[in-house]
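[1] A predicted structure for the sequence below; I have some questions about it.
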Amino acid sequence: MGAGRSMGEGWIAVDERAVRSNAELMFWIDAVRQVDTTPRRMS
């Protein structure tokens, strides 16, 4: 991982019990999409 690098297949493992339904899957997808990934400068 690092700046400018993409996450390839298998970069995350999720227990199948965490996403038993489409609603549970969408909860996590929405949570990830709300993360602010704007680069920040160290002060």
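    On my side now, so go ahead.
[2] Look at S21 and report its pLDDT.
    What the model reports as pLDDT for S21 is 93.
[3] who's in contact with it?
    If a contact means Cβ atoms under 8 Å, 6 or more residues apart in numbering, then S21 has no contacts. All C-beta atoms are positioned from the backbone trio N, CA, C, and that covers glycine.
[4] can you tell me the helix or strand for the residue nearest the centre of the chain?
    In the chain, the residue lying closest to the centroid (Cα atoms, centre = their mean) is V32, at 4.6 Å. Of the helices and strands defined by DSSP states H and E, V32 is found in helix 22-33.
[5] Show me what that helix is packed up against.
    Based on contacts counted as 3 or more Cβ pairs under 8 Å, 6 or more residues apart in numbering; DSSP states H and E, there is no element that helix 22-33 packs against.
[6] who touches it?
    Outside helix 22-33, the residues within contact range by Cβ under 8 Å, 6+ apart are 14, 18-19.
[7] among these, who's most crowded?
    Comparing the contacts of helix 22-33 by number of neighbours (other Cβ atoms under 10 Å), V19 comes first, having 15 neighbours.
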